[in-house]
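S.K.: The following comprises the amino acid sequence and a computationally predicted model.
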Amino acid sequence: MIRRWLIFNSVGAMGIVVQMSVLWALTREFRMGYLAATGLAVEAAVLHNFFWHERWTWADRIKDRQNGLMRRLICFHITNGMLSLAGNIVLMFLFVKNLDMHYLPANALAITLCSLFTFAAGDRIVFKPERIQKQEAQP
């Protein structure tokens, strides 16, 4: 579990670079509002992270599974994507409007807080071990 958590955080660190870069580009270069830009930046990071979680974090759990890529992608979006999107937007609003933080450090803090929930969702819902899936399938 510790190894997986470290890999998850490595993927997350790369995702942070993606999210922060997209957020910066959309707000700075395209003059988009920080909340709309946050939503698009989170989506870019969610797609990036899904790709790497499939190939690295939980690769051992999916190599022989019959469940398809699209099912996992949709499930990942429903769990991790929605947790990240809702959590980031709510926290960004609170940090920027209520605590008067700059949007980039506020985003880093929001990402950190949301990561605890997204790891649990990824581990227990999207990429849950096959033995748990088999137990759930039995009547």
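M.R.: Okay, I see it.

S.K.: how far does the top helix by length along the chain sit from the chain's center?
M.R.: Scanning the chain for the helix with the most residues, using DSSP state H, yields helix 2-24. Distance of helix 2-24 from its chain centroid, counting by Cα atoms, centre = their mean, to the nearest Å, is 8 Å.

S.K.: cool, stretch 112-131 as well?
M.R.: Using Cα atoms, centre = their mean, the offset of stretch 112-131 from its chain centre is 10 Å.

S.K.: Just the CA trace of that stretch, in PDB.
M.R.: Only the C-alpha atoms of stretch 112-131 are listed here, as PDB (Å, rounded to 0.1, in the frame of the first residue of the first chain):
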ATOM      1  CA  THR A 112      -3.200  18.300  -1.800                       C
ATOM      2  CA  LEU A 113      -6.400  18.100   0.200                       C
ATOM      3  CA  CYS A 114      -8.400  16.400  -2.700                       C
ATOM      4  CA  SER A 115      -5.600  13.800  -3.200                       C
ATOM      5  CA  LEU A 116      -6.500  12.000   0.000                       C
ATOM      6  CA  PHE A 117     -10.000  11.300  -1.300                       C
ATOM      7  CA  THR A 118      -9.000  10.500  -4.900                       C
ATOM      8  CA  PHE A 119      -6.400   7.900  -3.800                       C
ATOM      9  CA  ALA A 120      -9.100   6.100  -1.800                       C
ATOM     10  CA  ALA A 121     -11.600   6.300  -4.700                       C
ATOM     11  CA  GLY A 122      -9.000   5.000  -7.100                       C
ATOM     12  CA  ASP A 123      -7.900   2.200  -4.900                       C
ATOM     13  CA  ARG A 124     -11.300   1.000  -3.700                       C
ATOM     14  CA  ILE A 125     -13.600   1.800  -6.600                       C
ATOM     15  CA  VAL A 126     -11.900   2.300 -10.000                       C
ATOM     16  CA  PHE A 127      -9.000  -0.100  -9.700                       C
ATOM     17  CA  LYS A 128     -10.200  -2.300  -6.900                       C
ATOM     18  CA  PRO A 129      -8.500  -5.700  -6.500                       C
ATOM     19  CA  GLU A 130     -10.000  -8.500  -8.500                       C
ATOM     20  CA  ARG A 131     -10.700 -10.600  -5.400                       C
END
